[in-house]
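**Q** next input, structure requested:
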Amino acid sequence: MRIALFSLVLLVGGCVIQAPPREVIQPAPVAEEAASPPVVVSVYEEPALSEPAPIAVGWAPPPMLVEAPPPPPFPYAVWVGGYWVWQGNWVWAHGHWMAPPRAQYVWVHPYYEHRGGAVIFISGYWSAPGVVFVPPRPELVLAVEPAAVGVIPGPRPISPEGCFVPAPPGSRRGIIIPAPVGTAPAVVTSAPPVVAVGMRVTTNVTSIHNTNVTNIHNTNVTNITNVTIVAPPAATANGRAFSSSVPAAPHLAAARPALVQARAPQPLSTRAVMPYVSAHASPVSPPPQAHGAVAEAHPQPMLAREPQPVHAGSMAGSARPEARPQREEREREARALPARSVQSAPAKAAAAATPVTRTPAPKPPVPQAAASKTAAAKAAPAHPDKGKAHTSDAGKDAQREAHP
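**A** As a prediction, this is how the structure comes out:
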């Protein structure tokens, strides 16, 4: 009764009892996984001894990696490698010290050029003394090289067209850095990463008077001692402008501390790979073969040579004597059928001019007794009556002795 009265009073008073709100559990936000960078493959590439043929690649090389060179093992060692090369994909050419293959040979840095949305690439190589690098002609048209099986193409180059080097370590993929011809890619190793276009490399030579003199003859940039790297604030990842002078030598530039430590992996094999050969290169055709009358004039050599007939007027000492059975058979046929001779006129003349040597038949062996008698007979004095006179004279002498 009391409960009913209390409920009635509350209802009249306008009070409403509300149930406690239910607790709603919100699912935790799932963080989006960043796309993992592609696996870097590192190799030792055997440099060529002359300028390789240019190839066209459909996407830009990745940003540079960090690879600090060790001390040189000998005074004339040259730091080669330490950049991206094409092997069906962009792979890292491991840097190492190397002696020049021949006297006075110089090292030529790799060549990257942005042309028509593709990359024209020439790998680093050894150059003979006095031979300068020749860039690909502007009118040269190259077919893009196919990627290896399972390789996912990267972004196309993002930058104005022209010669360039890859972006600094940690940069946005696809961005490239314009640079003069002959610039070592390692010069940007210590530069800040970039996320937009704007960084560029310029070359300069520092003299004793501390003045900058540009000294570029054709494409020979061996006299460049330093390069200047500049970037506006909108291009760098940290939003700060950048300007710095960096050694042009690759081993000195690669030894500078990098802002992003993107280390280059060690090659899985110490065996060097050969530079990439274009898949569109025309195969070497075999030498043309002669046809018709020309082929008859130059026959193929024979394994066995048959005896040739000796013509009239040739040297008699060079003709071989004919076998005796064949000669006798030929003589019998000539006597039986004189009109149907099987020899031609040159062969007959050759047979007439060829001397025939007869070999005497061997004599049978003579017994020893007969040989002694023959010798005694030869030793006896010759006489006209063949020995009969000697017999009669001997008989007369015996009769005179018996009957004196």
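
**Q** so Arg332: helix, strand or coil?
**A** helix (DSSP: H, G, I helix; E, B strand; the rest coil).

**Q** that one: how many residues sit nearby?
**A** 10 (other C-beta atoms under 10 Å). From N, CA and C alone the C-beta is placed, and that goes for glycine too.

**Q** for Gly116, same thing?
**A** 11.

**Q** give the contact list for it.
**A** For Gly116, the contacting residues are Glu161, by C-beta atoms under 8 Å, 6 or more residues apart in numbering.

**Q** confidence score at it?
**A** The model reports Gly116 with a pLDDT of 93.

**Q** how close does it sit to Pro180?
**A** Separation of Gly116 from Pro180 (C-beta to C-beta, to the nearest Å) stands at 21 Å.

**Q** pLDDT of stretch 50-70, averaged?
**A** Stretch 50-70 comes out at a mean pLDDT of 96.

**Q** measure that stretch end to end?
**A** One end of stretch 50-70 to the other measures 27 Å (C-alpha to C-alpha, to the nearest Å).

**Q** leaving out chain neighbours, which residue sits closest to Gly82?
**A** Nearest in space to Gly82, with sequence neighbours left out and distances taken as C-beta to C-beta, 6 or more residues apart in numbering, is Gly95 at 3.3 Å.

**Q** could I get the contacting residues of that neighbour?
**A** Glu67, Pro69, Trp79, Val80, Gly81, Gly82, Pro250, Ala254, Ala264.

**Q** do Ile229 as well
**A** Ile177, Val187, Val188, Ala191, Met199, Arg200, Val201, Phe242, Ser243, Ser244, Ser245, Val246.

**Q** max pairwise distance over those: which two?
**A** The span of the contacts of Ile229, defined through C-beta to C-beta, is set by Ile177 and Ser245 at 15.6 Å.

**Q** the two: which is more packed in?
**A** Between Ile177 and Ser245, counted using other C-beta under 10 Å, the more crowded position is Ile177 (28 against 14).

**Q** quick one: mean pLDDT for the helix or strand hosting that one?
**A** Here Ile177, judged by DSSP states H and E, is contained in strand 176-178. The average pLDDT for strand 176-178 rounds to 97.

**Q** neighbouring strands - and their directions - for that strand?
**A** strand 162-166 (antiparallel) (DSSP bridges).

**Q** what does the partner strand rub up against?
**A** 60-64, 83-84, 111-114, 135, 157, 176-181, 183-185, 187-188, 201.

**Q** swap in 7 Å and give it another go.
**A** For strand 162-166, contacts defined as C-beta atoms under 7 Å, 6 or more residues apart in numbering pick out 61-64, 84, 112-114, 176-181, 183, 185, 187-188, 201.

**Q** sorry, back to before: could the contacts of Ile229 be laid out in TSV, adding distance to Thr236 and secondary structure?
**A** Output for those, formatted as TSV (distance: C-beta to C-beta, whole Å; DSSP: H, G, I helix; E, B strand; the rest coil):
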residue	distance to Thr236	secondary structure
Ile177	12	strand
Val187	16	helix
Val188	12	helix
Ala191	9	coil
Met199	8	coil
Arg200	13	strand
Val201	15	strand
Phe242	6	strand
Ser243	11	strand
Ser244	12	strand
Ser245	17	strand
Val246	16	strand
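
**Q** buried subset of the residues you listed?
**A** Ile177, Val187, Val188, Ala191, Met199, Arg200, Val201, Phe242, Val246 (16 or more other C-beta atoms under 10 Å).

**Q** and of these, the nearest to Ala281?
**A** Of the buried ones among the contacts of Ile229, the one sitting nearest to Ala281 (C-beta to C-beta) turns out to be Ile177, at 29.7 Å.

**Q** neighbours around Pro101, how many?
**A** There are 9 residues near Pro101, going by other C-beta under 10 Å.

**Q** again with Ile224
**A** Neighbours of Ile224 using other C-beta under 10 Å come to 21.

**Q** how long is stretch 231-249 from one end to the other?
**A** 21 Å.

**Q** beta partners for the residue nearest to Val108 when sequence neighbours are not counted?
**A** Excluding the flanking residues, the one nearest Val108 by C-beta to C-beta, 6+ apart is Ser127, at 4.9 Å. Legend: beta-bridge partners of Ser127 under DSSP bridges are Val106.

**Q** and for Ser127, the neighbour number?
**A** Neighbour tally, Ser127, other C-beta under 10 Å: 19.

**Q** and if you look at Trp84?
**A** For Trp84, using other C-beta under 10 Å, the count is 26.

**Q** do Glu145 as well
**A** 20.

**Q** that one contacts Ala279, correct?
**A** Yes. Contact criterion C-beta atoms under 7 Å: Glu145 and Ala279 qualify, at 5.9 Å.

**Q** low pLDDT regions in this structure?
**A** Where the chain drops to pLDDT under 70, the residues are 1-37, 204-223, 282-327, 333-404.

**Q** which residues in it form helices?
**A** For the chain, the helices defined by DSSP state H cover 2-13, 250-254, 293-297, 324-336, 345-353, 368-379, 388-402.

**Q** residue boundaries of the strands in the stretch 51-200 of the chain?
**A** For the stretch 51-200 of the chain, strands defined by DSSP state E, counting those that start in this stretch occupy the ranges 55-57, 78-80, 83-86, 90-93, 96-98, 106-108, 111-115, 118-122, 125-127, 162-166, 176-178, 200-206.

**Q** for these, give me CSV that also has distance to Ala237.
**A** Formatted as CSV, the strands of the stretch 51-200 of the chain follow (distance: least, C-beta to C-beta, whole Å):
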stretch, distance to Ala237
strand 55-57, 26
strand 78-80, 28
strand 83-86, 20
strand 90-93, 22
strand 96-98, 31
strand 106-108, 32
strand 111-115, 22
strand 118-122, 23
strand 125-127, 34
strand 162-166, 16
strand 176-178, 14
strand 200-206, 17
